[in-house]
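Visitor: Sequence and computational prediction follow.
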Amino acid sequence: NDGHPAMSDDPTTTDAQDELVSAYVDGEATPEEVARVEASAELLARAEVMRSVAAAVASPSPPSPSDARDAAIAAALAEAGPGRNVTELAAVRARRRLRIASVAAGVLVALAIGAGLLAQAGRDDKATTTAAKTGVSAASSSAAAPERSGATGAAAADGPAPDTFATGATIDLGDFADTAALVNATRARITALSTPQDSAAGAGTAAAGAAPTSAGAACPRPPGAEFEALARLDGETVTVLVVGPPDRQVIQLVDAGCTVIFTQPL
């Protein structure tokens, strides 16, 4: 033996050791790998051989006779030990970079797949919630429609009773943007009906106003209702009622559902 510690002849072990020693020589080894190399006389000897070879390759040398070159090659092979494989450092480093790149690519693919699954789950949950809300709204509308239809049908068949009125009287006061304008128009119509020269026309109009143009919704007639007309308040059709004696008359606005939505002394 040439004075260096004996090395293993197992090719697998040799490749792993050469890769470790190569990283140590290049300054790329981790602290754990550095400690491992420096704790082994065999690995330190191998590191010295690699440094010698690297230095010999890096430094230019004058042309030498063929016999000197052959002797140098023989000495390098003897230094490496019998049966040892010569490992190309560039190939080792390339394999290391390829493994790192493969792991990084796998992590990125996994992250992309996970993000896609989370986004799809969020869209599915939103669609399910929207569909459920739509179904509830549709069911509520369907349940309410027969009740409204039944009430309207009953009113159409029986007609308004003597103590009720039907929304939709023949006197049409017109369209109004606010209650103040509608109250003024009602007051003017009541005044016109009470004027002597308009008594005949007023009587006819009042009589017509007492009868509905359509069955509509039969609503309880307030006691003392003296006037009934139709108007549209901010786009909504309302029935206008004037209740009470002439000196204490009150105007009431009733919507299609028989709800008094406005009242004020006339």
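Guide: Yep, it's here.
Visitor: Could you point out the helix or strand that follows the helix or strand of the chain with the lowest mean pLDDT?
Guide: Within the chain, no helix or strand scores below helix 199-210, which has a mean of 45 by mean pLDDT, DSSP states H and E. Next helix or strand after helix 199-210 toward the C-terminus (DSSP states H and E): strand 218-220.
Visitor: For whichever helix or strand comes after that next one, enumerate the helices and strands it packs against.
Guide: Next along the chain after strand 218-220, taking DSSP H and E as the criterion, comes strand 225-233. In terms of contact count using 3 or more C-beta pairs under 8 Å, 6 or more residues apart in numbering; DSSP states H and E, strand 225-233 is assigned the packing partners strand 172-176, helix 179-194, helix 199-210, strand 236-243. To be clear about C-beta, it is placed using only N, CA and C from the backbone, and glycine gets the same treatment.
Visitor: Kindly report which one of these carries the lowest mean pLDDT.
Guide: For these, mean pLDDT drops lowest on helix 199-210, to a mean of 45.
Visitor: circling back to that earlier point, and residue 21, which of the helices and strands packed on strand 225-233 is closest to it?
Guide: Closest approach to residue 21 among the helices and strands packed on strand 225-233 is made by strand 236-243 (92.4 Å; C-beta to C-beta).
Visitor: Neighbouring strands - and their directions - for the helix or strand that that closest one is followed by?
Guide: Sequence order places strand 250-254 as the next helix or strand after strand 236-243, per DSSP H and E. Taking DSSP bridges as the criterion, strand 250-254 forms sheet pairs with strand 236-243 (antiparallel), strand 260-265 (antiparallel).
Visitor: May I see the buried residues of strand 250-254?
Guide: Within strand 250-254, the residues scored as buried using 16 or more other C-beta atoms under 10 Å are 251-254.
Visitor: Also stretch 72-79?
Guide: residue 79.
Visitor: could I get it in PDB with only the CA atoms?
Guide: The C-alpha coordinates for stretch 72-79 follow below in PDB (Å, rounded to 0.1, in the frame of the first residue of the first chain):
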ATOM      1  CA  ALA A  72       1.800  11.000 -14.100                       C
ATOM      2  CA  ILE A  73      -1.200   9.100 -15.200                       C
ATOM      3  CA  ALA A  74       0.100   5.900 -13.600                       C
ATOM      4  CA  ALA A  75       0.800   7.800 -10.400                       C
ATOM      5  CA  ALA A  76      -2.700   9.300 -10.300                       C
ATOM      6  CA  LEU A  77      -4.300   5.900 -10.900                       C
ATOM      7  CA  ALA A  78      -2.100   4.300  -8.200                       C
ATOM      8  CA  GLU A  79      -3.100   7.200  -5.800                       C
END
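Visitor: Looking at that stretch now, give me its mean pLDDT.
Guide: pLDDT averaged over stretch 72-79 gives 81.
Visitor: Ok, stretch 55-64 next?
Guide: In the prediction, stretch 55-64 has an average pLDDT of 70.
Visitor: same question, stretch 245-253
Guide: Averaged over stretch 245-253, pLDDT sits at 89.
Visitor: For that stretch, which outside residues touch it?
Guide: Residues from elsewhere that reach stretch 245-253 (C-beta atoms under 8 Å, 6 or more residues apart in numbering): 179, 182-183, 186, 190, 194, 222, 224, 226, 231, 233, 238-244, 260-266.
Visitor: is it true that residue 34 touches residue 26?
Guide: No. Contact criterion C-beta atoms under 8 Å: residue 34 and residue 26 do not qualify, at 11.8 Å.
Visitor: Show the low-confidence segments of the protein, by residue range.
Guide: Judged against pLDDT under 70, the low-scoring parts of the chain cover residues 1-13, 59-65, 80-89, 127-170, 196-217.
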